[in-house]
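>>> Got a predicted structure here, sequence first:
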Amino acid sequence: MRFKPPATQRGSIAIRLIVTCGALSLASMLAVSAVFYFGLVHMIDTNTDEKIHAQSRRMAERIASRSPQQIADEIKDALAHGIDGDTDGEIYLVLDHHGHFLGGNIAGWAGAASDLDTLLTRPVLRRGETIRARVMVRALPQRGTLVFGYEADERDSIRPLMLNALMQGAVLALALAVAGALLFRRLVERRIGDVRRAAADIAAGDLRRRIAVTGDDEFGLLNRDINSMLDRIEQLMDGIRNVSNALAHDLRTPLMRVRGRLDEALRRPPDAGLLADTAAIAIRDIDELIRLFERLLQIAQAESGVRAGQRDDIDLQVIAADMVDMYD
């Protein structure tokens, strides 16, 4: 019987290993990506709000004591150069105490008293286009109002980029997990294949076949245990073979003796007394054979634990006489 590697089946341990590793890796990557994504978004939002808060405070302090014209010039200069050099994303608006426009790059602002010193996210009109802005509203000493912030849409555009990068990382991690599972599957199938090939050779009759032991891992320990079991099986088979040989010899001798006596009785002239003696001796020898079979049965029962503890007396003189007669 030759060993044939099994085709991959849906219920095989290799398939379950791949599915399990893939699912665990995907779940882990999704969990890590979610934590990283929301943590990074929160950090960006917090840093942006802190920057808006600090820059609006500095701007309010800088224009606090200036005239309306100076404030307009200051805002125009800020729009031209920007506080951080990013004029496209910055939002400026300065209103006087009557709500008149002094400078800025948005229009249509409708603020309320509750908006002061508060970070807000609301739509504003800039360059004829409505955009979402994250702004800070501050009251000026001249009872005016300063609105400063950044375009929220620009900040929100970072989130899809981060999400896309995290998803690509998750797909890459999943692919690596599947590749690792496939590699581990090949290793497991190779190690199990060695055991199955040895089992096929042993089933074919090669009781001396053994499995190569490589390493001290679980497979190595298993192979060592299987080899020990095969050594014990070989010893038992040798014992059975020896018992069979001895049994054949023990049966052959009394049978040949019975046959010889019967044959001798038949060659002599008919004599009732001689035939009776020969028949009696043959019956005795056959009884000995029956007792031999009973002893073999008792040995088998004792080895299986059925007759544990049962003992019978024997007559050694009879055994000695039988041995002398056999050798004679």
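On my side now, so go ahead.

>>> for the stretch 101-250 of the chain, what spans make up the strands?
Taking DSSP state E, counting those that start in this stretch as the criterion, the stretch 101-250 of the chain carries its strands at 101-104, 118-126, 129-139, 145-151.

>>> Next, the angle from the third one to strand 118-126.
Between strand 129-139 and strand 118-126, the angle formed by their directions is 140 degrees, by axes from the mean of the first three to the mean of the last three C-alpha atoms, to 10 degrees.

>>> ok, S56 - contacts?
M136, R138, L146, F148, G149 (C-beta atoms under 8 Å, 6 or more residues apart in numbering). (Each C-beta comes from the backbone N, C-alpha and C, glycine too.)

>>> Centre of the chain to the helix or strand harbouring it, how far?
Using DSSP states H and E, S56 sits within helix 13-62. In terms of C-alpha atoms, centre = their mean, to the nearest Å, the gap separating the centre of helix 13-62 from the centre of its chain is 27 Å.

>>> pLDDT below threshold where in the stretch 201-328 of the chain?
Across the stretch 201-328 of the chain, the ranges flagged by pLDDT under 70 are 300-311.

>>> I figured T214 was touching G220, is that so?
Yes - using C-beta atoms under 8 Å as the test, T214 is close enough to G220 to be in contact (6.1 Å).

>>> what's the following helix or strand after the helix holding S56?
Following helix 13-62 in sequence, per DSSP H and E, is helix 68-81.

>>> Touching that next one from outside, list them.
Residues from elsewhere that reach helix 68-81 (C-beta under 8 Å, 6+ apart): 59, 62-63, 66, 87, 90, 92, 94, 96, 102-105, 144.

>>> let's see it at 10 Å
Contact partners of helix 68-81, identified using C-beta atoms under 10 Å, 6 or more residues apart in numbering, comprise 55, 59, 62-64, 66-67, 87, 90, 92-94, 96, 100-105, 140, 142, 144, 146, 148.

>>> Quick check: buried residues in it?
Within helix 68-81, the residues that count as buried by 16 or more other C-beta atoms under 10 Å are I71, A72, E74, I75, A78.

>>> go on, stretch 206-221?
Using 16+ other C-beta under 10 Å as the test for burial, stretch 206-221 gives R209, R210, I211, V213, F219.

>>> Same list (those) but as a markdown table, adding distance to E234.
Formatted as a markdown table, these follow (distance: C-beta to C-beta, whole Å):
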| residue | distance to E234 |
| --- | --- |
| R209 | 10 |
| R210 | 10 |
| I211 | 14 |
| V213 | 17 |
| F219 | 22 |
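
>>> closest to L40 among the residues you listed?
Closest approach to L40 among the buried residues of stretch 206-221 (C-beta to C-beta): F219, at 43.7 Å.
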